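Engineer: Have a look; sequence and predicted model below, questions after that.
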Amino acid sequence: MGLDFVTVLFDSPFAVMNTIGLIAFALVGSAKAIREEFDLFGITVVGLAMAFAGGATRDLLVNRVPLVLQSPVEVSLGLLGVGLAVALSVVLRSPENHPITLVADAIGLAAFTTAGAIVATEATVSVFGVVVIGTINAVGGGAFADILLDRSPFILFDDFYASCAVLGGSAYWIMGSVGATGSTAAGVCAAVTVVARLVAVTYSWNLPTVQTLGVLSERMDDQ
Amino acid sequence: MGLDFVTVLFDSPFAVMNTIGLIAFALVGSAKAIREEFDLFGITVVGLAMAFAGGATRDLLVNRVPLVLQSPVEVSLGLLGVGLAVALSVVLRSPENHPITLVADAIGLAAFTTAGAIVATEATVSVFGVVVIGTINAVGGGAFADILLDRSPFILFDDFYASCAVLGGSAYWIMGSVGATGSTAAGVCAAVTVVARLVAVTYSWNLPTVQTLGVLSERMDDQ
Amino acid sequence: MGLDFVTVLFDSPFAVMNTIGLIAFALVGSAKAIREEFDLFGITVVGLAMAFAGGATRDLLVNRVPLVLQSPVEVSLGLLGVGLAVALSVVLRSPENHPITLVADAIGLAAFTTAGAIVATEATVSVFGVVVIGTINAVGGGAFADILLDRSPFILFDDFYASCAVLGGSAYWIMGSVGATGSTAAGVCAAVTVVARLVAVTYSWNLPTVQTLGVLSERMDDQ
């Protein structure tokens, strides 16, 4: 029975990505709520909200009842992530900014981008739809957690967060259109997203702002 | 005709709970907006948003067009609640914190938890789905109203708010699984939720935070 | 082919209104993000969010997959609006408050109110449903953009914003119920909304607040 259960969690590219994403994002969401000194109920809610909001939005967009309301397995995975965050917070001073959490966040981002792209492809939306649904699946949870925490959703300020999901979703679509199998496309999508995110965190990448462009053009005017 | 109209409002456990919840929550939402010195349009919007956001989210989750957009009766009930709040604000200095509003909020919470649990049970989701949809129906409106009012949704800080809905939704499911009729399950769900909430408000109940647990474990370390 | 493309954008009252609304609201959303010094990614996200959030919510409410995920044309129109805002910001100091942006906002409001009312009428909801879906289509994008920008959604404070959409949606329904054609109803709806909004902006219209009413009644008591 234990083996059967493990089989359910990993019997398709979607299931693998979904399982990894749920645990990772529940951990990250709970770590954020712990930092804000939320109570245990709040920590659980923010953790589960971060794990499930992206996927539930994805399911609503393709017009089906959210998976999390149908499958008890999903909830158990989310609670596992919440438990990991609480355990980490006993060991570490600031779990939100610890490398473990940053890596978990990058892994969750990659896993959910891929899960979203797979669902979108099955629902036959446009190319833009595949990238958007992958990105919403990936960043929707974090954005919703930030709103619950009364922060401005960070994805807009730390621009190589959502951009990584956009890159990964585009990679998924390109792999599919050149004839790769679903598993290969899923692997490439996840790899592109997680590598892009880890590199962005390591080197603190940013995109230029309009103000930066303005400064550049003023400098050019001066010459 | 008057009698027929009353019949429609109370002809099933769902209709009873929905009617009570709509009036109560529209009153509470409007009272919040009055405190924030919103204009009449804002007061009406926040009141109706608090009354309808939870149920509309519930309907979207089970994949149907929100009831409020189909039935003119629902809107009239919401406007009745808004009118009651405006009338109260003429009589009372601070309608938001008055016992009448706190009791209306507890009653609305109980009524909507029950309405959500009934709809979820009919939509055949998992046990977790029943509790989640009941809770979202109950707290979704208040959370949305808080976002409109630019507050952090209070449910996370005042933890025995959403917890009451979780308790009520669980009671509904337990009653159903031991063979109780729909009406009995609905009554028990509503009673559990409203009593839990009123007791929580009276004694200012809170759940422990991780920081509290940390303090406790430090004390244990000292010994 | 160029002519065919133009035909798609304008081959029905819905298509005309949708095309105008998407460009106008993407421009306005991006102008807001530029003022908040967001980076290029953030500007694009806020612009597209303002253009698409209202229509996507409308589509979810009538239970269909959002048009924006199915049609690549929609995205191009949104990006055109974003590009216009960036171009304007090079020429103008404060694009958000410039008359061009205020007029674009009024035009977008009118176009989306009409688009929403048309979709709602086809989905056979109640009269209230037609007005609500028109209004949500019109103000949903701006409200979502404001949440992304960490502002309180302005629609509640500047009450003759959403009120204009309510007036326009009501006009659409009235025209339909007196037997006007779809095109006539759409034209009247758009005209009522845009004129109401421009007049409201010009004369800084406001609705009375409960506090204002309180002051009035106190004055009457004094006499």
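Structural biologist: Okay, I see it. Remember, predicted model here, so these are calculated numbers, not experimental data. Numbering: from 1, shown residues only, chains lettered A, B, ... in the order given.
Engineer: and chain A, which residues reach chain B?
Structural biologist: A:33-34, A:37-43, A:45-46, A:56, A:60, A:63-66, A:68-72, A:75, A:86, A:89-90, A:147-150 (CB under 8 Å from any CB of the partner chain). Heads up, the C-betas are built off the backbone N, CA and C, glycines and all.
Engineer: then the strand or helix carrying A:Tyr172 to CSV, C-alphas only?
Structural biologist: A:Tyr172 is part of helix A:162-177, with elements assigned from DSSP states H and E. Output of helix A:162-177 as CSV, limited to C-alpha atoms (Å, rounded to 0.1, in the frame of the first residue of the first chain):
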residue,chain,number,x,y,z
ALA,A,162,8.1,35.4,-12.7
SER,A,163,10.5,35.9,-15.6
CYS,A,164,12.0,32.4,-14.8
ALA,A,165,8.5,30.9,-15.1
VAL,A,166,8.0,32.7,-18.4
LEU,A,167,11.3,31.3,-19.7
GLY,A,168,10.4,27.8,-18.5
GLY,A,169,6.9,27.9,-20.0
SER,A,170,8.3,29.0,-23.3
ALA,A,171,10.9,26.2,-23.2
TYR,A,172,8.1,23.7,-22.6
TRP,A,173,6.2,25.0,-25.6
ILE,A,174,9.3,25.0,-27.9
MET,A,175,10.2,21.4,-26.9
GLY,A,176,6.6,20.3,-27.6
SER,A,177,6.6,22.0,-31.0
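Engineer: Packing partners of the strand or helix carrying A:Leu79?
Structural biologist: For A:Leu79, the host element (DSSP H and E) is helix A:72-91. Other elements packing on helix A:72-91 under the criterion 3 or more CB pairs under 8 Å, 6 or more residues apart in numbering or on different chains; DSSP states H and E are helix A:2-10, helix A:13-35, helix A:40-61, helix A:67-70, helix B:127-148, helix B:210-222.
Engineer: mind checking which of the ones you listed is nearest B:Met50?
Structural biologist: helix B:127-148 (4.1 Å; CB to CB).
Engineer: and the angle for the helix holding A:Leu79 with helix A:40-61?
Structural biologist: Relative orientation of helix A:72-91 versus helix A:40-61 (axes from the mean of the first three to the mean of the last three CA atoms, to 10 degrees): 140 degrees.
Engineer: neighbouring contacts of helix A:72-91?
Structural biologist: Residues outside helix A:72-91 that contact it (CB atoms under 8 Å, 6 or more residues apart in numbering or on different chains) are A:5, A:8-9, A:18-19, A:22-31, A:34, A:40, A:43-44, A:47-48, A:51-52, A:67-68, A:95, A:98, A:100-101, B:126-128, B:210, B:214, B:217.
Engineer: So which of those residues would count as near chain C as well?
Structural biologist: Of the contacts of helix A:72-91, not one also sits near chain C (CB under 8 Å from any CB).
Engineer: hmm, back to that, now the helix holding A:Tyr172: average pLDDT?
Structural biologist: Per-residue pLDDT over helix A:162-177 has a mean of 94.
Engineer: Pull out the buried residues from that helix.
Structural biologist: Residues A:162-173, A:175-176 are the ones in helix A:162-177 that count as buried (16 or more other CB atoms under 10 Å in any protein chain shown).
Engineer: Low-confidence stretches in chain A?
Structural biologist: Filtered on pLDDT under 70, chain A yields the residue ranges A:1-8, A:152-159, A:206-223.
Engineer: let's see 80
Structural biologist: Counting by pLDDT under 80, chain A has low-confidence residues at A:1-10, A:93-97, A:124, A:147, A:150-159, A:204-223.
Engineer: Give me the neighbour count for the residue lying closest to A:Thr19 once chain neighbours are set aside.
Structural biologist: Leaving aside its sequence neighbours, A:Thr19 sits nearest to A:Leu9 (CB to CB, 6 or more residues apart in numbering or on different chains; 4.6 Å). The tally of other residues near A:Leu9 (other CB atoms under 10 Å in any protein chain shown) stands at 15.
Engineer: A:Leu9 contacts A:Gly21, doesn't it?
Structural biologist: No - contact criterion CB atoms under 8 Å: A:Leu9 and A:Gly21 do not qualify, at 11.8 Å.
Engineer: show me what contacts the residue lying closest to A:Gly134 once chain neighbours are set aside?
Structural biologist: The shortest distance from A:Gly134 to any non-neighbouring residue, by CB to CB, 6+ apart, is to A:Gly169 (3.4 Å). Counting by CB under 8 Å, 6+ apart, A:Gly169 makes contact with A:Thr113, A:Gly116, A:Ala117, A:Val130, A:Val131, A:Val132, A:Ile133, A:Gly134, A:Thr135, A:Cys189.
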